[in-house]
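*Asks:* Here is my input, please return the structure:
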Amino acid sequence: MKKINAVLVVEGKSDVQYLSNFIDCEFVITNGSEIPFETVEYLKTIIKTKDVVVLTDPDSPGKRIRDVLDQNIDGLKHCFIRKEFAVKHGKVGVAECDIDEVLNALDDIKVFDSMAVADVTSSDLFDLGLTGQPDSAEKRYYISTKLGLGYTNAKTFCRRLNSLHISKEEMIELLHEQK
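*Replies:* Modelled structure (predicted):
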């Protein structure tokens, strides 16, 4: 059993049921992407004394939950599971995820700097073929996986790169590795 001295934010009861089999921590459930005001207020209070780590499904609703929480709460930490390890019986989610994938994600927690100056621009993404090309999504996915950025579209990808201070040169190196 892995002990985590943080609050782990997940989407639903099935996530808590699954994760509590191998993780010992306090869980907070968002009940989907329409996060109750009371939940946001509780997380704002608890983050003053404990780390709050967001672990949502690797899909669009999971991304929306992260975005809503990030817009309302400073200092959140994030960990991401890869979608290919989170699919079972046609369903995508944390509760369907491989245990090792969850534990690896918890070992690679990200803290995004919301005050980061934009080093990478949407023009840079286009120049590198990370947008506007038939294989752009595949290239972004490769870099996102290597850097542990989670499920992203181009706009979120750019924002996460900048918030982690990842340079254009680092992306070029990763794209060379991919080939």
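*Asks:* what about stretch 64-72, average pLDDT?
*Replies:* For stretch 64-72, mean pLDDT is 90.
*Asks:* and what of stretch 122-133?
*Replies:* 90.
*Asks:* In a helix, residue 165, correct?
*Replies:* No - remark: residue 165 does not belong to a helix; assigned using DSSP: H, G, I helix; E, B strand; the rest coil, it is coil.
*Asks:* just checking, it touches residue 111?
*Replies:* No - the criterion here is CB atoms under 8 Å, and residue 165 misses it with residue 111 at 11.1 Å. The way it works is simple: take the backbone N, C-alpha and C, and place the C-beta from them, glycine included.
*Asks:* Domain-wise, how is the chain divided?
*Replies:* Per automatic domain parsing, the structural domains of the chain span 1-111, 113-179.
*Asks:* could I get those domains as a markdown table with mean neighbour count?
*Replies:* As requested, the domains of the chain are exported to a markdown table (neighbours: other CB atoms under 10 Å):
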| stretch | mean neighbour count |
| --- | --- |
| domain 1-111 | 16 |
| domain 113-179 | 16 |
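*Asks:* Of those domains, which shows the lowest average pLDDT?
*Replies:* domain 113-179 (a mean of 85).
*Asks:* for that domain, how far is the first residue from the last?
*Replies:* 30 Å (CA to CA, to the nearest Å).
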